[in-house]
Every structure is written in structure tokens, then in C-alpha cells.
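Trainee: the following comprises the amino acid sequence and a computationally predicted model.
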Amino acid sequence: MATRAHGECPLGTAQTGFSPLLDIPRLHRSPRRLSSRTIARGTPCPKHSGRYLTMPPALSPGQSNRINRAPEQHDSHAGNPISSSVINNFLNPNEPTLSEARQSRMHFYDNQRKVDYVLAYHYRKRGAHPGHGSPDPHRPPLAVISNGEMGKEPNAGGQGDMMIEMGPLDALEEERKEQREEFERNLMEAGLELEKDLENKSQGSSFVRIHAPWQVLTREAEFLKIKVPTKKMYEIKSEGSIAKKFNDILQKMSYPLQPRVPEHSNNKMKNLSYPFSREKLYLYNIQDKDTFFDNATRSRIVHEILKRTSCSRANNTMGINSLIANNIYEAAYPLHDGEYEGAEDDMNDRKLLYQEWARYGVFYKFQPIDLIRKYFGEKIGLYFAWLGLYTSFLIPSSVIGVIVFLYGCATIEDDIPSKEMCDQQNAFTMCPLCDKSCDYWNLSTACGTARASHLFDNPATVFFSIFMALWATMFLENWKRLQMRLGYFWDLTGIEEEEEHSRPEYETKVREKMLKENKSLVQKMETDKTESDDEDDDDKLTWKDRFPGYLMNFASIMFMIALTFSIVFGVIVYRITTAAALSLNKATRSNVRATVTATAVIINLVVILILDEIYGAVAKWLTKIEVPKTEQTFEERLILKAFLLKFVNAYSPIFYVAFFKGRFVGRPGSYVYVFDGYRMEECAPGGCLMELCIQLSIIMLGKQLIQNNIFEIGVPKLKKLFRKLKDETEPGETDSTQSKHPEQWDLDYSLEPYTGLTPEYMEMIIQFGFVTLFVASFPLAPVFALLNNVIEVRLDAKKFVTELRRPDAVRTKDIGIWFDILSGIGKFSVIINAFVIAVTSDFIPRLVYQYSYSHNGTLHGFINHTLSYFNVSQLKEGTQPENSQFDQEVLFCRFKDYREPPWAPNQYEFSKQYWSVLSARLAFVIIFQNLVMFLSVLVDWMIPDIPKDISDQIKKEKSLLVDFFLKEEHEKLKVMDSVQRNQSREERSSHKSQATSFHHSSRSQRGSYSSSASQHTNV
């Protein structure tokens, strides 16, 4: 053991290898600070070759308590604080006094300063073993609090410190440590206060806790233009008496559905808000400086400082994201407000959200959107508000969809075409479905398919398609209105776009470019760091630098789309070959179509689920290749790529069934073959709409059940279990006390990191496509989407409250690019549904027959009208049915198409009916599209984007704000005038007293002069 002589470096200098966390602003009633520069200018420290760490000895409980108090006592001789103002608090968790004093896990160990942010990193030491530098297991852990200078006990005299021999750290670990130390020094220069754990194990995780004092909060709030409530409150008036009564009735009826949270108790009064200004503190209702800024705002301010703090040792990287990307820190996150389960008396926002929002038992209640916004920030609040509005809008569409489905069920017995198809007396002899092995068959055997097709292929589906197109428009318009309303209540009106910092990958590419051009990296980064507007082409990436990335993106996306189409074609080949194989066996010949359809859809579902995960990773990789400059640009480009790939992946099998299957089959005697002997597959006798419905329902339900629910529930739990097993099997010392009573930052560190809202939005956007794009073929899609979303809201809520680290609060006015995607899907759905009705269903052929070819204006004879004749003697050699078991001799067989009969001059050519139906289909598409687009524009025009009451309140708020400013300024001037009058009165009175005293003194002086003169005369 070696002792430290007088004048050697205290713990915390660079020579000891410990973080020099000293230079921070002083808080009220906090120990004074000691600048790291002051230490640097002090007595030089002896070198220990980097192998020894100077540490104070273990202290007695009494000494520990004296040090932890850190009173501001002053030496009577020197006038400086005595050595009890410490930087190092020796905290022994085994002492009952310390455990009793530890009241909150959300604060520093002084129980006064709140932890606003946490940085976590993993450290590793080499060569530490017992007797040669390993810490004493009975030694208490050390917390380093950066709030003052390190001192010694009064009677210690520097004796008793011990030298610990440390094994040499590897170069990478040492470099990361130095980068962390510099970054933390820069944070303290920015005014933040840090508390850091001692690295007293051979390896493990350590935490740096950050507190933002009032001076930093006010400075950054003014810089970020954060709107805060003023002293003025005003009443929010309703539009009129009728609307007010209607709202009162709705609130009384929906009272059991309202969450029991404070934000919903008073929504008729609102505080005037104004951007924070340190010169206008008299405007704000500052009752307690610790609670004036809520936790989300405090963490947001600290995060902004972390993003713009640089580190010169890490190649001048800017911000905490760069350091995390370079594995210097492992994580950075704000703390949750405590446990979400426990006693009711210890209520916090997280526990309140869990009880009233994040449980499946409260699925029937409305969401506490204001509390969600307060806890998680505006960006996440807007997502759940959008999801709630979307789910509520699914209720009327689900009701109409069920009515349309019930109408199909009720009219199935009155459907003339299905009755004709099921009538065995008609005896329509159909041509074989495949070569050789397939026999002739009666159309009446497809009776079940025809009856089932009527459930979805009826006149009501046309009305439902028009309704859903208008529904999508109304949903988007109401979302814009709700977005403006939330923006008004959340003080988002008029906020400016915040300046974003460059991403770490972008900075790395810029440095590589500058190094290639043989330019001074340090000089350029120092001189041009703040001149982002005037940076030349050398300091940014041009299109020439990005061209390889753009080329790779284009080629990769084309390859992925081609891969998706290839897989769809592979499934088509599977269906054709399987159908041919099953047709050879008499036992399976009757169920060929059902078996092939079901297995093919399941294969499509599995492929879609697998490719979804692959395409998500590929989209992220391609976006990284582009090297976007800011995080917002990165997110937008990632969303576009992921949406394009996942859209093609999810809908390509459905598009094939809807628009391509059965269109390129050919005709008997001239079929189109995929391979030798394998014909292109045909639609069922009742049409492809029923198969489209099956395909859409299985893919939609499978994605929602497996991907959106099972994956979201199971994968996080598996990750958490894997991380727990990894921590248990990881070598190193464990702290039994800490495991029994973990701190909040330890609990949050074990949670899953927050990765953004892109996956949440993406699954809802794909579902929105299922609901709107092919709703003509599956009217029950809104019902299944509603059932899924009721679970999805609570599932996402539980994930955010209990399973994820607390996200950074992000202010935003809207949902960004997702609204444009929704609007595009809504417009695209009009075209898709028009083609589904015109091309896939039999709606147009029935209308043409009923009004052009029917003798009595009904659908009697429609089936016979849609079937063409073929002379079986004209079948190609080797394609005739082998060993035909058909009851009667067949001269002519029928097939579904509009062709001329074999006795016509131009046999098997398209008939006049074909061209009539085709022209009617195209006319319907044009009329339907323009009609629905016109109605959508009309709805858009009739519903204003900004509610009238909100626009009136915004104008009223501006006038009230001006009046409030004038009143407060007038009061301020009055106070200043009164102070000046008092000062002038005091000055006049002091002048009078001085003049009076001067007058008396002058008279006494003259008297003394005269007396002295008389005395002189006498002399």
C-alpha cells in the first residue's frame, strides 16, 4: 500500500485515469465547484505509468455521513470552504442511515437534484486480480457527484490513501474512456451537472446521471422557443347554444368511457401560452422552479444539449448519437417516472397511464391523449390520437360492411344466375379443365361456389365501394381538423422547424471526402462548424458523391420487386402443377380447387411475413447507403422505401388474382401453356371474386394475428429473456444490494430501446390499404380491422409504458409523410375498386345483359349468355380426355367467354357481346372514378381543415395575449416608477440631511475660526 504525499493529484485528475468531472455551475445550497482548469494549473502530478489508481481508504460510517452532508462551512483563517465540500460521496448501501436517506430513485444521491437524463456505457478492465488492484469486496461503492472539489477529513492529513495497481487497458478501451471524459467535460461546460458511478468491477455497466439546473433550463427553453403557460387563464367558449347542449349530452353519456385522469377534469379553461423568455419571467406562473418544466420538457432540453455537444477526440463528432454509433456510449435515455405497479399512494404519470390506458381491461375507454402527450411528447401523442380516430372511424364502416354482407345472405335465394347454375336440368357440359386427365363436367357441380360468390358480388358492393371512398376522404379531413385542434390545445400553432444536426454517418463521409482531397480535417471542422449555410461543396456531399448510393438503391429496389413477382409466379406454378397432379387421382379430383387455393394462400402468407422482415432490413441498409444528412431526411426516405417494398410484397398476390388470373388462358383448342402440358389457371365458374375474397381475408387476418400481435408480444419478451440470460452468464462481480433494490436507471436500462414509430405506422398503413383498396371484394375487412385495432391500441400502449425505455419528447405539428401516403392510398383505392367492380366481378356483364340482351328485362338466361360453344372434335391431338366417364356423348362443350360459335363464319373470334361488355366496363371505370373523385373533392371543400371554434379561439388568444402583455408591462412600469420615486425621495432627503449637516458644520467651523483668531490677537 502506498500513500499519497501532500501536493499530489486528487482523485479525478487525468493522471489517475478517473473522470475529471469538476467544472460545473454551482447550485443554490450546493458545494462550490472547482474548475478542471484550476486543477490543471496546480502542482504537477507524479506519473504512475498508467498502472496505479489513487483511491481514498474505506471510511467509517461517521466519516461517510460527515462527507455526504457536504455543508458550506468556511475556514476561519482562509475564508474558503473547508474540505468537507466534496466531489466524492462514499455511499455504503449496507448502512441503514443511507438506505433511509435514499428517498427517491429519480434524484441524485443528495435527494434534491432530479435525474433528467442517463448515459450508459460498458467498461472493461484488464489485469485486475486480488492483491494486484482488485477492489476490496467489503469496500463500499463510490459515486462521483460533480458538484464541488474533493477534500479530506479534517484530521486525515492525507494519510491512509492506498495505491491500487491496475492492469493496462487495451488501446480501444482507453481511447473510449478518454472520449467519454472529454464529452462529459463539455457537458459540464454547457452547465449540466453529472453524477457518475465508480467503475469498481473488472467489467460491467456504468451510468452517468445528468441534471439540468434552472439556469440551463431557462437558457435552453428560450433558445428552443418552448411555449409555457402564463398567469392568464381564459374560458374556451363553445360554438353555440345547440352545439354546447349537444356536447354536454355526449359528455354525460360517455362519462363511463372517460379515463380517470386529471387532464380530462377541466377542458373549459386554458392558460395563455408564450415562448419562454428570461427577460419576461413576470409573465409566467412560476411557483416551483423544480416542477415548472415537466419531466418530458426537461429531458428534451438535455437531449438537445447532448445532440449539439461535440467531442474532438472522437474525430470532432457532434452529439450523443455519434458517440453511441461509435460504441463510446451504449445508450442514452430519459427516466420513466417510477414503477407502473405498486401502491396507490405513490401515484405517478406512468402508473396512471398503465391503470387507465395500457391494460386490456380498459379497452372500452377513450385514450387520455393529453396525458400521453405530456409523458411521451407530441410526436407519440399524435400517433395515438391518429390511431384512435382511425379506430373510431372503422365503427361506421364496419356496420355498413356487415349490412352489405347480410344483404348478400338475404338475397342469395333470389339470385337468378346462381339458381340457373345450380339447376341440374340445364345440364351445361363444360370443357375439361386440364389436358388428358381431366374429364368433361357439369356446371351444376360448381353450385356452392356460385352461391358463395353472391355474398360479396351483389349490387350492394358497388354502393359500399363508393361509401368507402368517401369514408377515406372524410377520415383524412377529420384528422386534419383533429390535428389542428390538438395543435391549439398543445400550443403547437406557430412552432418553427427545429434545426437538425448532421447524422454521424454523414459526418464520417464528409471527413473521408476531405481526407481524400488532402485537406486539413481539423481546420475545416473548426472554422466551418457554425457556418452551415455557407459551407462549400467540400464540406458536404454532392449528387456526385451520392450517385453510387442512388444507383445501388435503384438496382436493389428493382431486384426486390422482381424477386416478389418471381415468388408470385412460383406460387402460380405451384397451383398449376398441384392441380394437375391432384386431378390424376380420382379420390382428390373433386376437391382440387379448394385444396390448391387454400395451400397457395398459406404459402403466400408465409412468404409475405418472411419478406416483410427482410425488406425492412434491406430498406434500412439502402437508406444508409444514401447517407442522408439529417435524421428527418433519413426517416422519410426509409419510410418511402419500406412502404414501397412492403406494399408490393403484401398486395402482389392479390393484384394477380384480381386482375390477371384467368385473363390469359386462351380457349379450348388454343390454350396458353406455362410449361409443356401445364395450362394457365382459370377462374372458378362463379368468377375470381370469391377467390380474391379468400386471398384477401387470409392474408389480412394472418398478418394481423401473426405479425402485428404475436410478433409484437412474443419478440420483445424473448429479447428481454435473452438479455437477462446474457447478464446472468456474463462474468463479473454482482452487487447483491443493487439487485435487491435496483435504481430506476437500472430498471430502464433493462428495457427495450425505443426505435421509432415507423413499424407502428407501417402496419396500420398496410391495414388501411386492405380496408380501402379491395373493399369491393371483402366488405367485412373493416370489421376485422376494428377488432384488431381495439387490441392494437392497448398492445402499443402497454409496450410503450412497460416494455420500452422512455422515448425523447419530440415536438411536431403533424404526422409528416404518413399523411401523404394515406392520401395517396385513398385516391388509389378509387381506381382499384372501380376496376374490381368492372373487371373482376360480374356486375357489368349482368347490367349489359339485363338492359341489352334480355327478352324480359331480367337475368334469366344470363349463364347461357356468358358461355360459348366449342366443337370437341377440334381439340388438339393428345389433349382429349382419356377414358372419359361422362354419361353421354359430347359433341360440344361450353367455356366461359364471349366467342363466336363453331358454326359461325369467324368461329371462336370475340363476339359482339364481348366488345359491348368491354366498352361498358371502361365506361363504368371512368364514370365511377370521376364521380367518386368529385364527391371526395366536394366533401373536402365542405369540411374546413380548421374548425371554426378553433380559428376563433386562436384569434381571441392573440388579442388576449396582447392585452395581457400591455397590462403586465403597465404594472411593471408602475412598480419601476414607484421604485424610482422612492429612490428620488431618499436621494432628496439624503441631500437635505447632508446640506443641513454641512451648514451646521460650516457654522461651527466659522465659530472655531473666530475664536482661534481672537486667541491669536490676545497672544
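Mentor: Cool, the structure landed.
Trainee: was I right to think residue 309 contacts residue 186?
Mentor: Yes - at 5.0 Å, residue 309 and residue 186 qualify as touching, with contact defined as CB atoms under 8 Å. Any C-beta I mention is one placed from the backbone N, CA and C, and that applies to glycine too.
Trainee: which of the two has more neighbours?
Mentor: residue 309 (21 against 16; other CB atoms under 10 Å).
Trainee: next, give phi and psi for the more buried one.
Mentor: The phi/psi pair for residue 309 (degrees, to the nearest 10) reads phi -80, psi 130.
Trainee: who's in contact with it?
Mentor: 183, 186, 187, 190, 318, 319, 320 (CB atoms under 8 Å, 6 or more residues apart in numbering).
Trainee: rank those residues by pLDDT and give me only the lowest.
Mentor: Least confident entry in the contacts of residue 309, by pLDDT: residue 318, with 72.
Trainee: now the closest residue to it other than its chain neighbours: how far from residue 323?
Mentor: Nearest residue to residue 318, sequence neighbours excluded (CB to CB, 6 or more residues apart in numbering): residue 310, at 5.1 Å. In this view, residue 310 and residue 323 are 10 Å apart by CB to CB, to the nearest Å.
Trainee: comparing these two, which residue is more hemmed in?
Mentor: Set residue 310 next to residue 323 and count neighbours by other CB under 10 Å: residue 323 wins out with 25 against 16.
Trainee: where does the stretch 151-300 of the chain have low pLDDT?
Mentor: 151-170, 238-241, 243-244, 263-267 (pLDDT under 70).
Trainee: try it again with 50
Mentor: For the stretch 151-300 of the chain, the stretches flagged by pLDDT under 50 are 151-168, 264-265.
Trainee: kindly report the same for the chain.
Mentor: Looking at the chain by pLDDT under 50, you get 1-101, 128-168, 264-265, 520-521, 529-537, 733, 737, 998, 1002-1019.
Trainee: let's have the contacts of residue 309 in TSV, adding secondary structure.
Mentor: Rendered in TSV, the data for the contacts of residue 309 read as follows (DSSP: H, G, I helix; E, B strand; the rest coil):
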residue	secondary structure
183	helix
186	helix
187	helix
190	coil
318	strand
319	coil
320	helix
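Trainee: which neighbouring elements make contact with the one helix or strand residue 824 maps to?
Mentor: Per DSSP states H and E: residue 824 is located in helix 817-835. Applying 3 or more CB pairs under 8 Å, 6 or more residues apart in numbering; DSSP states H and E, one finds that helix 817-835 contacts helix 459-489, helix 631-655, helix 758-772, helix 912-942.
Trainee: can you rerun that using 10 Å?
Mentor: With contacts taken as 3 or more CB pairs under 10 Å, 6 or more residues apart in numbering; DSSP states H and E, helix 817-835 sits against helix 378-410, helix 459-489, helix 631-655, helix 758-772, helix 912-942.
Trainee: show me what counts as buried in the second one.
Mentor: Meaning helix 459-489. 460-462, 464-477, 479-489 (16 or more other CB atoms under 10 Å).
Trainee: same question, the first one
Mentor: Taking 16+ other CB under 10 Å as the neighbour-count basis, helix 378-410 is seen to contain the buried residues 378-391, 393-394, 397-398, 400-401, 404-405, 407-408.
Trainee: quick check, residue 427 in contact with residue 444.
Mentor: Yes - when contacts are counted by CB atoms under 10 Å, residue 427 is listed as touching residue 444 (7.7 Å).
Trainee: the more surrounded of these two?
Mentor: Neighbour count, other CB under 10 Å: between residue 427 and residue 444, residue 444 has more, with 18 against 11.
Trainee: tell me who's in contact with the more buried one.
Mentor: Neighbouring residues of residue 444 by CB atoms under 10 Å, 6 or more residues apart in numbering: 420, 421, 422, 423, 424, 425, 426, 427, 428, 430, 450, 685.
Trainee: widest-spaced pair of those residues?
Mentor: 425 and 685 (17.1 Å; CB to CB).
Trainee: quick one on the thing from earlier: a markdown table for the helices and strands packed on helix 817-835, including distance to residue 692?
Mentor: Putting the helices and strands packed on helix 817-835 into a markdown table (distance: least, CB to CB, whole Å) gives the following:
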| stretch | distance to residue 692 |
| --- | --- |
| helix 378-410 | 15 |
| helix 459-489 | 12 |
| helix 631-655 | 7 |
| helix 758-772 | 12 |
| helix 912-942 | 17 |
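Trainee: to residue 273, which of these lies closest?
Mentor: helix 459-489 (10.0 Å).
Trainee: C-terminal to the closest one, which secondary structure element comes first?
Mentor: Downstream of helix 459-489, the first helix or strand assigned by DSSP H and E is helix 504-516.
Trainee: output the contacting helices and strands for that following helix.
Mentor: strand 317-318, helix 320-325, helix 521-527, helix 543-583, helix 592-626, helix 631-655.
Trainee: make JSON lines from the ones you listed and add distance to residue 929 to it.
Mentor: Below are the helices and strands packed on helix 504-516 laid out as JSON lines (distance: least, CB to CB, whole Å):
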{"stretch": "strand 317-318", "distance to residue 929": "50"}
{"stretch": "helix 320-325", "distance to residue 929": "46"}
{"stretch": "helix 521-527", "distance to residue 929": "55"}
{"stretch": "helix 543-583", "distance to residue 929": "26"}
{"stretch": "helix 592-626", "distance to residue 929": "29"}
{"stretch": "helix 631-655", "distance to residue 929": "18"}
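Trainee: of all the ones you listed, which one is nearest residue 805?
Mentor: Comparing the helices and strands packed on helix 504-516 by CB to CB, helix 320-325 comes nearest, at 13.0 Å.
Trainee: circling back: check which element follows the helix holding residue 824 along the chain.
Mentor: Using DSSP H and E, the helix or strand that directly follows helix 817-835 along the chain is helix 843-848.
Trainee: can you give me the first-to-last residue distance of stretch 279-292?
Mentor: 17 Å (CA to CA, to the nearest Å).
Trainee: swap in stretch 744-759?
Mentor: Stretch 744-759: ends 27 Å apart by CA to CA.
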